[in-house]
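A.B. asks: show me how the following folds:
(2 chains)
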Amino acid sequence: MRALVVDDSRAMRSLLRQILLQLGIEVAEAAEGRAAIDLVEAGPVPELVLVDWHMPVMDGLELVTELRAHKEWRHMAIMMVTTESEHENMVRALLAGANEYLIKPFTADAVVEKLSLLGLHCATVPAGDSYGGATQP
Amino acid sequence: MTTATAEDFQYLQGFLLDRSAIVLSEDKQYLVETRLLPVVQRHGVESITDLVRAIRRGDKTVETAVVDAMTTNETSWFRDAAPFDALRNLVLPELVASNVTRRRLAIWSAACSTGQELYSVAMLLDSEFSDLASWRVDLHGTDLSTTVVQRARTGSFTALEINRGLPATLLVRYFRREGAQFVIADSIRSRVRFELFNLARPWPPMQDYDVILLRNVLIYFDVETKRDVLERVRGRLRPGGFLLLGTAETTRGLVDGFRPIPVGATTVFRREES
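C.D. replies: Residues are numbered from 1 along each chain as shown, chains lettered A, B, ... in the order given. Predicted coordinates:
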């Protein structure tokens, strides 16, 4: 499986890359929405796109809207991964076509569970790993 | 002193077995230290030995804090998915059909931790079993930890907790944000009740249930306690009612009167008609 991580924070991209690689997922990265569209158009098309909200050039909401405008990419799973957690904005992202929503900070377990909700089953991360600035209970 | 002495550990083994029926094996010394050092700091004492002393002289505050800290509270929404698929696809449809005249349903989450399991059931009922809106539905959660029961009652969760397995569609439908917390809708919270309850102690008189969720609890008990708890669970389950256990748990070889029914990736245990 291939994933595209779109986030303007290099540290966050690196964190998500580590988690996804441990799950056996290949990872490409983009620092904002426009660059992400270019990567998807160049192919191969990822099965999963993880999208931050607040980014320069093209933000996450615009990116989701743009990705969903292409019928040929409709099977792509899109998950927002963001600090943005206003109720109204979460609804906007889902209406625009995001399938799931992960709020920063998060743990690796939370990523695995969300991928499972998306119907993407992966190898499990070793227990106790913790990411996203969070400590597991 | 950050370590637990052999004597402290031995005392805590006995204390936790008595208070919570949790069996603390010899290799769990690290667990005692990682869980109890925050309690040491919070109570302004010097060491785990001081905590043990406080328990010995009957300090109820310290007793409660130690039991709370040593009780595993890991939980997530729709935890393990398969039991909730079983509820959705077999257990609830069967119970709705068999209780259609009584129009009552009672569900007990018997080690509810901070409430995610019971709230997940409540959201499942609300979103997928609208027939039940006019029924009397008792959703009851219990746990032996005072702290988690109090937290469960608030229905308020951090982002870290909200991230754990809660589908985004249910997050936006049933939660509102209050500062850094996510609070469950009053329409859901008003349908559940949470109480302190120790499975390993004598049980007070209580109602019968159609479903009992007792997941990932038996694994902490010795065989005698498992058998005892399962017998009492059977006594509180209506004939034809369902018991849901954790992945590694079973009634087999412990008590009679349950029929295992495989459903998808899990097994539910149905109380045989007596």
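A.B. asks: which residues in the chain form helices?
C.D. replies: Reading this off chain A. Across chain A, reading from the start of the chain, the helices by DSSP state H fall at A:10-22, A:33-42, A:60-68, A:87-96, A:108-117.
A.B. asks: if you could check chain B rather than the one you did, that'd help
C.D. replies: Per DSSP H, chain B has helices spanning B:6-20, B:29-42, B:48-56, B:60-70, B:82-86, B:92-98, B:116-128, B:146-154, B:159-162, B:168-174, B:186-189, B:223-236. These are given in chain order.
A.B. asks: would you convert those helices into JSON lines that also reports mean pLDDT and mean neighbour count?
C.D. replies: C-beta here means a position set from N, CA and C on the backbone, and glycine is covered the same way. Output for the helices of chain B, formatted as JSON lines (pLDDT from 0 to 100; neighbours: other C-beta atoms under 10 Å in any protein chain shown):
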{"stretch": "helix B:6-20", "mean pLDDT": "88", "mean neighbour count": "17"}
{"stretch": "helix B:29-42", "mean pLDDT": "82", "mean neighbour count": "15"}
{"stretch": "helix B:48-56", "mean pLDDT": "94", "mean neighbour count": "19"}
{"stretch": "helix B:60-70", "mean pLDDT": "87", "mean neighbour count": "18"}
{"stretch": "helix B:82-86", "mean pLDDT": "94", "mean neighbour count": "20"}
{"stretch": "helix B:92-98", "mean pLDDT": "96", "mean neighbour count": "16"}
{"stretch": "helix B:116-128", "mean pLDDT": "97", "mean neighbour count": "21"}
{"stretch": "helix B:146-154", "mean pLDDT": "90", "mean neighbour count": "18"}
{"stretch": "helix B:159-162", "mean pLDDT": "88", "mean neighbour count": "21"}
{"stretch": "helix B:168-174", "mean pLDDT": "97", "mean neighbour count": "18"}
{"stretch": "helix B:186-189", "mean pLDDT": "96", "mean neighbour count": "14"}
{"stretch": "helix B:223-236", "mean pLDDT": "95", "mean neighbour count": "17"}
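A.B. asks: which one of those helices lies closest to A:Gln18?
C.D. replies: Nearest to A:Gln18, of all these, is helix B:159-162, at 18.5 Å by C-beta to C-beta.
A.B. asks: can I get the CA coordinates of the closest one in PDB?
C.D. replies: Listed next in PDB are the C-alpha coordinates belonging to helix B:159-162 (Å, rounded to 0.1, in the frame of the first residue of the first chain):
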ATOM      1  CA  ALA B 159      -8.200  14.500  22.100                       C
ATOM      2  CA  LEU B 160      -5.900  11.600  22.800                       C
ATOM      3  CA  GLU B 161      -8.900   9.600  24.100                       C
ATOM      4  CA  ILE B 162     -11.200  10.700  21.300                       C
END
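A.B. asks: mind listing residues that contact that helix?
C.D. replies: The list of residues contacting helix B:159-162 from outside it, by C-beta atoms under 8 Å, 6 or more residues apart in numbering or on different chains, reads A:85, A:103-107, A:110, A:134, B:76, B:114, B:116, B:171, B:175, B:180, B:182.
A.B. asks: now stretch B:143-155
C.D. replies: Outside of stretch B:143-155, the residues that reach it under the criterion C-beta under 8 Å, 6+ apart are B:19-20, B:64, B:67-68, B:71, B:73, B:111-115, B:118-119, B:141-142, B:183-184, B:188-189, B:194-199.
A.B. asks: now that stretch, how far from the centre of its chain.
C.D. replies: Mean-position distance between stretch B:143-155 and its chain equals 10 Å (C-alpha atoms, centre = their mean, to the nearest Å).
A.B. asks: one more: stretch B:38-53?
C.D. replies: 27 Å.
A.B. asks: same question for stretch B:182-194.
C.D. replies: Put simply, stretch B:182-194 sits 17 Å off its chain's centre (C-alpha atoms, centre = their mean).
A.B. asks: what residue is smack in the middle of the chain?
C.D. replies: This is for chain A. With distances taken as C-alpha atoms, centre = their mean, the residue of chain A nearest its centroid is A:Leu50 (1.1 Å).
A.B. asks: that answer is for a different chain, and I need it for chain B
C.D. replies: Among the residues of chain B, the smallest C-alpha distance to the mean C-alpha position (C-alpha atoms, centre = their mean) belongs to B:Ala111, namely 1.6 Å.
A.B. asks: got the helices of chain A as CSV, with mean pLDDT and mean neighbour count columns?
C.D. replies: Formatted as CSV, the entries for the helices of chain A read as follows, by pLDDT from 0 to 100; neighbours: other C-beta under 10 Å:
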stretch, mean pLDDT, mean neighbour count
helix A:10-22, 92, 18
helix A:33-42, 98, 17
helix A:60-68, 98, 22
helix A:87-96, 97, 17
helix A:108-117, 91, 23
